[in-house]
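Asker: Here's my sequence, what's the structure:
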Amino acid sequence: MQDHVAWTWVEGNEVAGSYAAKLAAARAFHAAVRSLSRPSFIERRNDPWAVADRIAWGEKAPDYDAQTMAMLLPILQLSEQEPIPAEARAQLVHADLTGNFVLSEGQPPGIIDITPYWRPEGFAEAVIWVDSIWHPAAAVPEDFSRPGMLAFVLRALARRMAEQPEQVAAGMKQADEAAATLRKLSNAADHLLAPWLSH
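Answerer: Next up, the predicted model:
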């Protein structure tokens, strides 16, 4: 079996911030692909990001070093207490959107480098929210509000955390770099969760 890919040039540049425009584009994209069936290859994926995603959603048990587990397990335990709303149906989503928008004056935002997952679209938006800690442009919680957002943010945070040791195990990242990223995510947890804990 062979894999194929096709590319189309999209005019624009990456722009920091502009979260409202990016979320509008994400919602339009997810509405457009909502009728698509679940691709069979999603189950076969075994890369660090796919494994971390399964851990974040309670489909696989984490088995990492004690320091990693000390930071990850509290987030996973909170996730177990926050069920996904019944109306939030899984569908094909681009769940790595943060750096994959291009904006051009007078043009609708372009979405590139689609990373497919089968999750509710709120999860894809929660990944953008979690990733906002790496960028100077502030993200406004009100732009991200939707029912069940705390549940999505917890899983997005858990996925980003679990990705770190998974990338180390795959030889894609140095252990000290992964540990620093994990600490940054762990230290940012209160900030990332606070808007949704207050609802």
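
Asker: Tell me where the longest helix sits in the protein.
Answerer: helix 149-169 (DSSP state H).

Asker: by contact count, what packs against it?
Answerer: helix 48-56, helix 66-80, helix 121-131, helix 175-187, helix 189-197 (3 or more CB pairs under 8 Å, 6 or more residues apart in numbering; DSSP states H and E). C-beta: built from backbone N, CA, C; applies to glycine.

Asker: I'd guessed Q174 sits against Q164; true?
Answerer: No: judged on CB atoms under 8 Å, Q174 makes no contact with Q164 at a distance of 10.7 Å.

Asker: The two: who's more crowded?
Answerer: More crowded of Q174 and Q164, by other CB atoms under 10 Å: Q164, with 26 against 11.

Asker: okay, that one: pLDDT?
Answerer: For Q164, the pLDDT comes out at 98.

Asker: Now do the contacts for the residue most central in space within the chain.
Answerer: The residue lying closest to the centre of the chain (CA atoms, centre = their mean) is V127, at 3.0 Å. By CB atoms under 8 Å, 6 or more residues apart in numbering, the contact list for V127 reads A95, D96, L97, T98, A156, R159, R160.

Asker: If we use 7 Å, what do you get?
Answerer: A95, D96, L97, T98, A156 (CB atoms under 7 Å, 6 or more residues apart in numbering).

Asker: want to throw the residues you listed into CSV with pLDDT, secondary structure and neighbour count?
Answerer: Converted to CSV, these look like this (pLDDT from 0 to 100; DSSP: H, G, I helix; E, B strand; the rest coil; neighbours: other CB atoms under 10 Å):
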residue, pLDDT, secondary structure, neighbour count
A95, 95, coil, 22
D96, 93, coil, 18
L97, 92, coil, 24
T98, 90, coil, 17
A156, 98, helix, 28
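
Asker: What is the nearest of those residues to Q107?
Answerer: L97 (17.7 Å; CB to CB).

Asker: Would you quantify the distance from the closest one to A24?
Answerer: Noted for L97: a distance of 12 Å to A24, by CB to CB, to the nearest Å.

Asker: Same check on N13?
Answerer: For N13, the distance to A24 equals 18 Å [CB to CB].

Asker: Which of those two has more residues huddled nearby?
Answerer: A direct count of neighbours by other CB under 10 Å for N13 and A24 places A24 higher, at 14 against 9.
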